[in-house]
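Asks: sequence and computational prediction follow.
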Amino acid sequence: MTETATPTVTPRRTYVGLWAVGTALYVALLLAGQVLAGVAAFALFGVGALAYHRTRQRPMLDERDASVLETASANTVRLLGVGSAVVFPSTAALDALGYVTWPAWLTPVGLFLGAFWAVWVANVALTGR
């Protein structure tokens, strides 16, 4: 009697694994002070993941994956929204009152979140048409 074995390495796991390794290397190398090496590692594994995805003859992600990604995306937008709605006005007010000094690293984060929300609002407007 033959036993049907499920492969432990599936195309989906390979794809996600390439992104995960690239992200882990990026963070590790940034923490080690090797910014360019981190960016290069992330780009290398990201391009590898995208190339792997393009070589597949069949769809790699199914309806279940789409549902998980949709829920994760909604939760991420919600978390960023609440977090930025609390952190940035609070920090600006505390800076204006002289209790804290606005850290220089917070400015690009604030600009990114502002751009992120502008894109989100534009997508809501376009989707609701």
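Replies: Thanks, I have the structure now.
Asks: neighbours of residue 43, how many?
Replies: When neighbours are counted by other CB atoms under 10 Å, residue 43 registers 12. For the C-beta atoms, the positions are set from N, CA and C on the backbone; glycine is no exception.
Asks: tell me which element it is part of?
Replies: Element membership for residue 43, per DSSP states H and E: helix 35-55.
Asks: pLDDT averaged over that helix, what's the number?
Replies: The average pLDDT within helix 35-55 is 94.
Asks: show me how far it is from its chain's centre.
Replies: On the basis of CA atoms, centre = their mean, to the nearest Å, helix 35-55 sits 14 Å off its chain's mean C-alpha point.
Asks: list the buried residues in that helix.
Replies: Residues 38, 41, 42, 45, 48, 49 are the ones in helix 35-55 that count as buried (16 or more other CB atoms under 10 Å).
Asks: I'd say the fifth one and residue 18 touch.
Replies: Yes - applying CB atoms under 8 Å as the test, residue 48 and residue 18 come out as touching, 5.2 Å apart.
Asks: tell me the SS of residue 24?
Replies: Here residue 24 is recorded as helix under DSSP: H, G, I helix; E, B strand; the rest coil.
Asks: secondary structure element holding residue 16?
Replies: Using DSSP H and E, residue 16 sits within helix 11-31.
Asks: buried ones in that helix, by neighbour count?
Replies: Per 16+ other CB under 10 Å, helix 11-31 contains these buried residues: 11, 15, 18, 21, 22, 25, 26, 29.
Asks: okay, angle between the longest helix seen in the chain and helix 11-31 too, please.
Replies: Across the chain, the longest stretch assigned as helix under DSSP state H is helix 63-96. Interaxial angle of helix 63-96 relative to helix 11-31 (axes from the mean of the first three to the mean of the last three CA atoms, to 10 degrees): 20 degrees.
Asks: check the offset of helix 63-96 from the chain's centre.
Replies: 12 Å.
Asks: beyond that helix, next helix or strand please.
Replies: Where DSSP H and E defines the elements, the next helix or strand beyond helix 63-96 is helix 106-127.
Asks: show me what that next one is packed against.
Replies: Secondary-structure packing of helix 106-127 (3 or more CB pairs under 8 Å, 6 or more residues apart in numbering; DSSP states H and E): helix 63-96.
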